[in-house]
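Asks: Let me see the structure of the following:
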Amino acid sequence: MDTFNQARTAFDRHVAGFRDADGSLPFALEAKFNHTGEVCEITERIIAGEARFSPRDTLIFRLCALFHDISRFEQYDKFRTFLDRASFDHGDRSAALIDELGLVPELPAEDRACIIDAVRVHNKFAIPADLPPAHLAAAKMVRDADKLAILRLIIRFFNGDCSDPTIRLDLPDTPDWTPAILETALSGKCVRYTDMKCINDFKLGLFAWSCDLNYPASAALALDEDLFGRVRVLLPASDGIDALLVSARTRLAKLRDKEA
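Replies: Predicted coordinates:
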């Protein structure tokens, strides 16, 4: 059995500890289990679209995708929430679990350190600038895949295609939005959740993610699936919001067409 499949077996063994007697997971945890699978799938697609990565890089990236949310099962089991501010920072805790559970012990120490760093920062507002180059590449990969998977999920949620409890929006659903949020997203800056005053602000904030993707293949996937166009239809008519979509698509096309 190769390293990734061994890691997948260990991951599944960990998740099994949260299953009910009949082998099923609570709905919220099943959603997180499926999210991990989707992040793994998107990671594979990004890797396939990039010619620069070695087999070692590929293994590290795949393991980052597998482990990035491993603490979510413990988080929900203990706190009945996925809100980090009401429980723990799930990036920090997932990184710690890699050591606590003795995951991928056969990897060289530097490779394990790379995975732990990338998992630790994958959910942070910004990637620390002082990460070693290999760690930075892994962090960018898992952040890209995670964001793309979350965009897919959010679109399904607002279209009524799923009632996923992992999306908790404790914001009022009003027809307006905050002009400063629109301006921040237009400027290419990420929007802090604490600055959002309504659900439309949350949707507007998603457009700033077009500035936080890192790999050309990530941008290509976002454009191919028209993820930001599908978010746009969830918002009111507005020339400013139309401009936001144009800006997001322009940024993505520029990244997609960037020389690898």
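
Asks: Strands of this protein, start to end?
Replies: Read by DSSP state E, the chain holds no strands at all.

Asks: pLDDT weak spots in it?
Replies: Within the chain, the ranges that satisfy pLDDT under 70 run 1, 164-166, 168, 259-260.

Asks: one more time with 50, if that's ok
Replies: For the chain, applying pLDDT under 50 flags no range at all.

Asks: Contact partners for the residue minimising distance to the centre of it?
Replies: For the chain, the residue nearest the mean C-alpha position is residue 146 (2.0 Å; CA atoms, centre = their mean). Listed by CB atoms under 8 Å, 6 or more residues apart in numbering, the contact partners of residue 146 are 39, 68, 122, 123. Yep, even glycine has a C-beta here, placed from its N, CA and C like the rest.

Asks: do that again at 6 Å, thanks
Replies: 39, 122 (CB atoms under 6 Å, 6 or more residues apart in numbering).

Asks: Give me the distance between it and residue 241.
Replies: Between residue 146 and residue 241 the computed distance is 25 Å (CB to CB, to the nearest Å).

Asks: wait, residue 93 sits on residue 70?
Replies: No: using CB atoms under 6 Å, residue 93 makes no contact with residue 70, being 8.5 Å away.

Asks: So between the two, which is more surrounded?
Replies: Neighbour count, other CB atoms under 10 Å: between residue 93 and residue 70, residue 70 has more, with 25 against 20.

Asks: Tell me the spacing between residue 202 and residue 209.
Replies: 12 Å.

Asks: Residue 132 now?
Replies: 25 Å.

Asks: now do residue 17
Replies: Taking CB to CB, one finds residue 17 at 33 Å from residue 209.

Asks: who has more neighbours, these two?
Replies: Shown here are residue 17 and residue 209; by other CB under 10 Å, residue 209 has more neighbours (22 against 9).

Asks: Contacts only, for the more buried one.
Replies: Counting by CB under 6 Å, 6+ apart, residue 209 has contacts residue 147.

Asks: switch to 8 Å and redo it
Replies: Contacts of residue 209 by CB under 8 Å, 6+ apart are 147, 151, 190.
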